[in-house]
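In: okay, predicted coordinates and the sequence, questions at the end:
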Amino acid sequence: MQIYKVGGAVRDRLLGLPVTDVDWVVVGATTEEMLAQGYRPVGADFPVFLHPKTGEEYALARTERKSGRGYGGFTFHASPEVSLEEDLIRRDLTINAMAEDGQQNLTDPYHGQRDLENRILRHVSPAFAEDPLRVLRVARFAARYAGLGFTVAPETLELMRQLSESGELQALTAERSWKEISRALMEDQPQVFIQVLRDCGALKVLMPEVDALFGVPQPEAHHPEIDSGIHTLSVLEQAARHKQPLTVRWACLLHDLGKGLTPEEEWPRHIAHEHKGLKLIKAVNERFKAPKDCQELALLVGQYHTHGHRALELKASTLLELLQSFDVYRRPQRFEEFIVACEMDARGRKGLEQRSYPQADYLRGAATVARGVAVQPLLEKGFKGPELGEALKRERLKALKAYKESR
């Protein structure tokens with residue numbers, strides 16, 4: 001029995017990055033031998049075990065063969081005869097197909113270390129094209145390591161393009177797709193993830209609504225970058241730069257989808273794009289079964305982001321309607337995420353990345369004022385039921401008018 005550290009732990013150590021998750025592969029062992037040493041089985045499809053003390057994953061060396069469509073369409077073969085090189089060749093990228101023993105002696109049959117040094121994301125073998133999930137994985141790695149100068153090898157991008165055109169991407173489940181998308185959006189440069197998907201034709205398959213934004217112009221006075229797709233990438237880049245949570249990043253990606261529906265004769269104006277985009281945002285949310293908080297914020301940001309930009313001009317009554325729409329009394333955090341999404345939208349424009357956004361503090365102040373209206377005095381006056389709700393609304397409107405006049 002020989003045990004090797006494999007995959008990401010080896011890759012990140014060689015890059016000088018922190019190693020978080022460690023995977024191990026065991027060569028020359030049987031399931032019975034693993035059980036006899038106290039390892040606990042967890043793999044349903046192939047033999048994976050948890051170490052009795054550390055809880056880390058140990059997998060028997062295995063080969064795999066394509067047997068159907070999609071991510072799960074494989075049959076696996078694990079036996080003591082499977083070599084380390086045979087196990088490594090089934091992996092996605094050369095930089096993930098290295099192993100090291102207990103003395104950090106490197107086994108690198110597919111030149112992963114060379115590709116690390118040259119900052120190349122390259123597939124290990126033609127079998128790469130058998131797994132559609134790898135299109136998303138490679139784009140995610142591109143987003144993770146873009147800051148280090150990594151790019152996708154042209155021949156790998158070509159395989160990703162073939163996969164995108166084959167119909168295999170449609171075989172991915174919503175859950176598997178969302179897992180990769182959500183992880184990619186939380187990388188340091190999530191805009192690279194979207195760009196790589198677009199470069200290989202996967203974006204128009206997975207998110208045609210986002211892909212449709214590229215080439216659609218906006219008024220140069222407000223958008224010096226002009227292109228709606230470029231703007232979306234810039235907004236996503238700003239969200240990552242300001243360490244925003246997944247909910248905000250998802251909303252930033254989808255906020256302008258309505259612009260993709262504007263007829264060419266109306267370009268570069270996009271009247272009512274906020275409302276038009278809601279059905280598209282809803283479709284993308286449902287396609288990937290995004291978590292409820294991501295779905296809700298994306299729809300609200302899509303509908304109201306121009307309200308955010310015009311906050312200082314809004315009538316007190318419109319301001320109150322905006323606050324009510326977000327339920328700022330019970331869901332203050334959601335309104336805060338809306339505000340920062342609007343700020344990222346304002347900064348995701350060429351040359352305006354450092355612009356101030358006074359609307360943010362103004363909206364926060366308005367929410368504080370509205371929440372500060374006390375219910376008790378109205379109860380003491382005998383208001384109850386629907387009448388209490390109306391009275392509360394009148395008092396909040398009065399408070400917001402005073403707030404607006406004081407600014």
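Out: Now that the structure is in, tell me what you want to look at.

In: in the stretch 1-150 of the chain, what spans have low per-residue confidence?
Out: Residue ranges of the stretch 1-150 of the chain with pLDDT under 70: 43-45, 65-76.

In: 50 instead, please
Out: Residues of the stretch 1-150 of the chain meeting the criterion pLDDT under 50: 70-71, 73.

In: run through the helices of it in chain order.
Out: Here the stretch 1-150 of the chain has its helices, by DSSP state H, counting those that start in this stretch, at 8-15, 31-36, 84-88, 112-117, 133-145.

In: okay if I get those helices as JSON lines plus mean neighbour count?
Out: For glycine as for every other residue, the C-beta is placed from the backbone atoms N, C-alpha and C. Formatted as JSON lines, the helices of the stretch 1-150 of the chain follow (neighbours: other Cβ atoms under 10 Å):
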{"stretch": "helix 8-15", "mean neighbour count": "19"}
{"stretch": "helix 31-36", "mean neighbour count": "13"}
{"stretch": "helix 84-88", "mean neighbour count": "19"}
{"stretch": "helix 112-117", "mean neighbour count": "18"}
{"stretch": "helix 133-145", "mean neighbour count": "24"}
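
In: including distance to residue 239, could these go into CSV?
Out: Putting the helices of the stretch 1-150 of the chain into CSV (distance: least, Cβ to Cβ, whole Å) gives the following:
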stretch, distance to residue 239
helix 8-15, 25
helix 31-36, 44
helix 84-88, 36
helix 112-117, 29
helix 133-145, 13
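
In: quick one, which of these gets closest to residue 241.
Out: Of all these, it is helix 133-145 that lies closest to residue 241, at 13.3 Å by Cβ to Cβ.

In: kindly export the closest one (C-alpha atoms) in PDB.
Out: Provided in PDB are the C-alpha atoms of helix 133-145 (Å, rounded to 0.1, in the frame of the first residue of the first chain):
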ATOM      1  CA  LEU A 133     -18.700  20.000 -15.500                       C
ATOM      2  CA  ARG A 134     -15.000  20.600 -16.400                       C
ATOM      3  CA  VAL A 135     -16.000  23.600 -18.500                       C
ATOM      4  CA  LEU A 136     -17.200  25.300 -15.400                       C
ATOM      5  CA  ARG A 137     -14.300  24.000 -13.300                       C
ATOM      6  CA  VAL A 138     -11.700  25.400 -15.600                       C
ATOM      7  CA  ALA A 139     -13.400  28.700 -15.800                       C
ATOM      8  CA  ARG A 140     -13.500  28.800 -12.000                       C
ATOM      9  CA  PHE A 141      -9.800  28.000 -11.800                       C
ATOM     10  CA  ALA A 142      -9.200  30.800 -14.300                       C
ATOM     11  CA  ALA A 143     -11.000  33.200 -12.000                       C
ATOM     12  CA  ARG A 144      -9.100  32.000  -8.900                       C
ATOM     13  CA  TYR A 145      -5.700  32.200 -10.400                       C
END
